[in-house]
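Undergrad: Just to be clear, the model below is a prediction. Sequence and coordinates:
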Amino acid sequence: MKILITAFCMLLFSTSKGQTDSIPTLKSILIEQLKSTHGTEEWFVPVNIAVEGLTAEQANWSDKSENHSIAQLLTHLNFWNKQSLDKFKGLKPAAFNGNNKETFTKVTNTSWAAAVKEFDDIMTEWETLIAASDDAKLKQWYSTIAHIGSHNAYHTGQIIYIRKMKGWWNPDKGVK
């Protein structure tokens, strides 16, 4: 298994960075994954850019079906990213009754700005803590951290789709 992970890392690093002179670490890969869904634009648009410039009214727009609004998607990401962050830090996470639908909430003008800031704060803390973590802790958490990045990317695609559909997306930001 270790050989497969090392081979994957070498392939990933050589294809994503155009170099093969050093082998990335688990830590560097996890940080890179989180940064690419947080605020560093690489292969796709990160959340910070995807929500940039939206008003609370736009963020709350919904097609009145079971589909989520942009605000609901962001508050859902904040809930789960914070739950995992608290567990990673050894803290007791916020109470949760098990109904995932309750993690998708609407916002006000004030709470929209706070939700955007909260996402940035949570992800910045994740990146900082991973950078300071030892390999033993990262080995216990690598799957969860990788899934956080995938989950963020998945919902970012939904956010951009809504913005494009409503004419609220500037294609110069990365998605034509």
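TA: Yes, it's here.
Undergrad: Where do the strands of the chain begin and end?
TA: In the chain, no strands are defined using DSSP state E.
Undergrad: Show me where it dips below the pLDDT cut-off.
TA: 1-21 (pLDDT under 70).
Undergrad: remind me, longest helix of this protein?
TA: helix 135-166 (DSSP state H).
Undergrad: Check which residues of it are buried.
TA: Neighbour-count burial for helix 135-166, with 16 or more other C-beta atoms under 10 Å as criterion, is recorded at 138, 141-142, 145, 148-149, 151-153, 155-156, 158-160, 162-163. Any C-beta I mention is one placed from the backbone N, CA and C, and that applies to glycine too.
Undergrad: Please apply the same query to stretch 111-120.
TA: S111, W112, A115, V116, E118, F119.
Undergrad: Now do the contacts for the first one.
TA: By C-beta atoms under 8 Å, 6 or more residues apart in numbering, the contact set of S111 is A56.
Undergrad: measure the spatially most central residue of the chain to A59 for me?
TA: Centroid check for the chain by C-alpha atoms, centre = their mean gives N152 as the closest residue, at 3.2 Å. Distance, N152 to A59, using C-beta to C-beta, to the nearest Å: 17 Å.
Undergrad: ok, back up a step: what's the spacing between the residue nearest to the centre of the chain and E57?
TA: 24 Å.
Undergrad: Flag every buried residue along stretch 82-100.
TA: K82, S84, L85, F88.
Undergrad: Hmm, E125 and the first one touching each other?
TA: So the one you mean is K82. No. If you go by C-beta atoms under 8 Å, K82 and E125 don't touch, sitting 9.3 Å apart.
Undergrad: doesn't D86 make contact with K92?
TA: Yes. Using C-beta under 8 Å, K92 is in contact with D86, at 6.9 Å.
Undergrad: mind listing the helices for this structure?
TA: Listed in chain order (using DSSP H), the helices of the chain are 2-17, 26-38, 47-51, 56-60, 70-88, 109-132, 135-166.
Undergrad: buried sites along the third one?
TA: When you say that, I think you mean helix 47-51. In helix 47-51, counting by 16+ other C-beta under 10 Å, buried: V47, N48, I49, A50, V51.
Undergrad: The residue nearest to the centre of the chain contacts K35, correct?
TA: No. Using C-beta under 8 Å, N152 is not in contact with K35; the gap is 10.7 Å.
Undergrad: what is in contact with those two at once?
TA: P46.
Undergrad: residues in contact with stretch 72-83?
TA: 47, 51, 59, 62, 68, 93-94, 96, 100, 103-107, 115-116, 118-119, 122-123, 126, 148, 151-152, 155, 158-159.
Undergrad: Dump it to PDB, keeping only the CA atoms.
TA: Output of stretch 72-83 as PDB, limited to C-alpha atoms (Å, rounded to 0.1, in the frame of the first residue of the first chain):
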ATOM      1  CA  GLN A  72     -27.600  26.900   1.800                       C
ATOM      2  CA  LEU A  73     -24.700  25.300   0.100                       C
ATOM      3  CA  LEU A  74     -22.200  27.500   1.900                       C
ATOM      4  CA  THR A  75     -23.800  27.100   5.300                       C
ATOM      5  CA  HIS A  76     -23.800  23.400   4.800                       C
ATOM      6  CA  LEU A  77     -20.000  23.500   3.900                       C
ATOM      7  CA  ASN A  78     -19.400  25.600   7.000                       C
ATOM      8  CA  PHE A  79     -21.300  23.200   9.200                       C
ATOM      9  CA  TRP A  80     -19.400  20.100   8.100                       C
ATOM     10  CA  ASN A  81     -16.000  21.700   7.700                       C
ATOM     11  CA  LYS A  82     -16.300  23.000  11.300                       C
ATOM     12  CA  GLN A  83     -17.600  19.700  12.700                       C
END
